[in-house]
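S.K.: A predicted structure for the sequence below; I have some questions about it.
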Amino acid sequence: MNRINIFNLDIGYNEKKYVNECLKSGWLSFEGKYVKKFESEFEKLIGDGFALTTSNGTTALELTLSTLGVTYGDEVIISDFSFAAPINAIISVGAKPVIVDISKSSWCIDTNKILKSITKKTKAILMVHTYGIIANIEEIKKISKKKKLFLIEDCAESLGAKYKSKLYGLSGDCSTYSFFPNKTITTGEGGMIIFKRKNHFEKARILRNQGRKKNNKNFFHIMPGYNARMSNINAAIGYAQLKKIKQYLIKRKKLFSLYDFYLKKSELFEMIPVPKNTENSYWLYTLKIKNFTKSKRDKLIVKLLQDGVETRPAFYPLSEMKAYKKYIHKKYYISNQISSSILSLPTSLDLKKNKVKKISNLLIKHTKKLNKGLKYK
Ligand SMILES: Cc1ncc(COP(=O)(O)O)c(C=O)c1O
């Protein structure tokens, strides 16, 4: 069997056409027309706020924190179970990350534990919608309002998720997105921020361009800033991809249903949580293997790869990594337990039914074998 990748890109006619247009016109930098076009279409999709492209999802977070004035002496609350970009962004602006455990029922930050972690220094809650799960957003919004904290949502994995039957994008002060190739849509490298308030958007636009204001004197900087601009070439790819997002979401939803059909009945797995009134973004088909240890999960990954199926373990809890040791002062039982038994399966748009069936059967076969403690050669 040919290897089945965790994810395959879908680059079509328009992506190539628009990129060629950039190359022919000579407009390669962020001044080209596709940057504005992409921002404007993204804004329409989210249906709220002001959109600003960035060089990637991590600079989107850094720019957001800087725009909101988060800096030395401030604390930002985040979940222990997430890709490391949010914690890295918090550290990069000089603030202190305050790490909170997750809830078993949502795999996202535990709302009750947020309250216990708020101090006089807390400036913001950075909520990650891990694996496209929209969890407890009303409650978190209430907490941030009551305690006068900024609410930043990291939607890198949740583009396309729904809340109360509508596409979900922005509840707090700003939401950030990533367009890395494995995301719902890609620009190669790239990111986006949606700001609720225009003054935040305008400040971020200046920060993004080395602290310069458009139409100002050339090389005249009004504040220290970043170069976090997206190129016209990346935006051209994103603009073409965005036109296909509705199609993508339909295909992804079908793929998730197919996996559910083959895997749910086996009772070996716990499916991804779907909180009330929400629909997942169908980013990566991810499940938890019941009563599994980390070493069994890691053996399972090797066994599936030997059979030609690429899978992914979960994110390591931040608290497990030496890099963040100085911010860890307690145990994070739930994120450790969830992270060690999670597996993501191939979720390419071109994955055919027979392949989904094959992957599912292999997963069931190897999980059963490992459960029985059968020795592999
Ligand atoms: C939750 C989350 N935030 C941020 C990022 C960072 O995005 P980028 O790789 O575009 O910097 C990612 C990327 O995978 C992510 O999963």
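M.R.: Sure thing, it's come through.
S.K.: who's in contact with the residue in the stretch 201-350 of the chain that the ligand sits nearest to?
M.R.: Distances between the stretch 201-350 of the chain and the ligand by CB to the nearest ligand atom are smallest at Phe315, namely 8.1 Å. All C-beta spots, glycine's among them, are computed from the backbone N, C-alpha and C. When contacts are counted by CB atoms under 8 Å, 6 or more residues apart in numbering, Phe315 touches 81-84, 130, 339.
S.K.: residues from the protein in reach of the ligand?
M.R.: 56-58, 82-83, 85-86, 128, 154, 156-157, 178, 180, 191 (CB under 6 Å from any ligand atom).
S.K.: Closest one to Lys331 out of these, please.
M.R.: Ser82 (17.5 Å; CB to CB).
S.K.: The closest one reaches Asp154, doesn't it?
M.R.: Yes. Using CB atoms under 8 Å, Ser82 makes contact with Asp154 at a distance of 7.5 Å.
S.K.: residues shared between the contacts of these two?
M.R.: Val128.
S.K.: What are the boundaries of the strands in this protein?
M.R.: According to DSSP state E, the chain carries its strands in the segments 50-54, 75-79, 96-100, 122-128, 150-154, 162-163, 166-167, 174-178, 191-195, 269-271, 278-279, 285-289, 312-313, 342-345.
S.K.: Leaving out chain neighbours, which residue sits closest to Asn88?
M.R.: Once flanking residues are discounted, Asn88 sits nearest to Thr58: 6.5 Å by CB to CB, 6 or more residues apart in numbering.
S.K.: Tell me which residues touch the one you found, please.
M.R.: 85, 88-89, 178, 191 are the contacts of Thr58 under CB under 8 Å, 6+ apart.
S.K.: which among those end up buried?
M.R.: Buried residues within the contacts of Thr58, counting neighbours by 16 or more other CB atoms under 10 Å: 85, 89, 178, 191.
S.K.: thinking again about what came up before, and of the contacts of Thr58, the nearest to Leu258?
M.R.: Ser178 (26.1 Å).
S.K.: Please parse this structure into its domains.
M.R.: Using automatic domain parsing, the domains assigned to the chain come out as 13-242, 246-371.
S.K.: burial count for the closest residue to the ligand within the chain?
M.R.: At 2.5 Å from the ligand, Gly57 is the closest residue in the chain, using CB to the nearest ligand atom. Look at Gly57: counted by other CB atoms under 10 Å, it has 26 neighbours.
S.K.: For it, which non-adjacent residue is closest in space?
M.R.: Excluding the flanking residues, the one nearest Gly57 by CB to CB, 6+ apart is Ser178, at 2.6 Å.
S.K.: Same question for Leu68.
M.R.: Nearest one to Leu68, counting by CB to CB, 6+ apart, is Phe150 at 5.0 Å.
S.K.: How about Tyr316?
M.R.: Ser339 (6.5 Å).
S.K.: Would you check that Leu284 makes contact with Thr311?
M.R.: No. Contact criterion CB under 8 Å: Leu284 and Thr311 do not qualify, at 9.9 Å.
S.K.: what about the residue of the stretch 201-350 of the chain closest to the ligand, distance to Met271?
M.R.: Distance from Phe315 to Met271, counting by CB to CB, to the nearest Å: 18 Å.
S.K.: Listing request: residues of the stretch 201-350 of the chain with sub-threshold pLDDT.
M.R.: For the stretch 201-350 of the chain, applying pLDDT under 70 flags no range at all.
S.K.: how about the helices in the stretch 101-250 of the chain?
M.R.: Here the stretch 101-250 of the chain has its helices, by DSSP state H, counting those that start in this stretch, at 111-117, 137-146, 198-208, 232-242, 245-263.
S.K.: Now do the third one and strand 191-195, the angle between them.
M.R.: Okay, so that is helix 198-208. If you take axes from the mean of the first three to the mean of the last three CA atoms, to 10 degrees, helix 198-208 sits at 150 degrees to strand 191-195.
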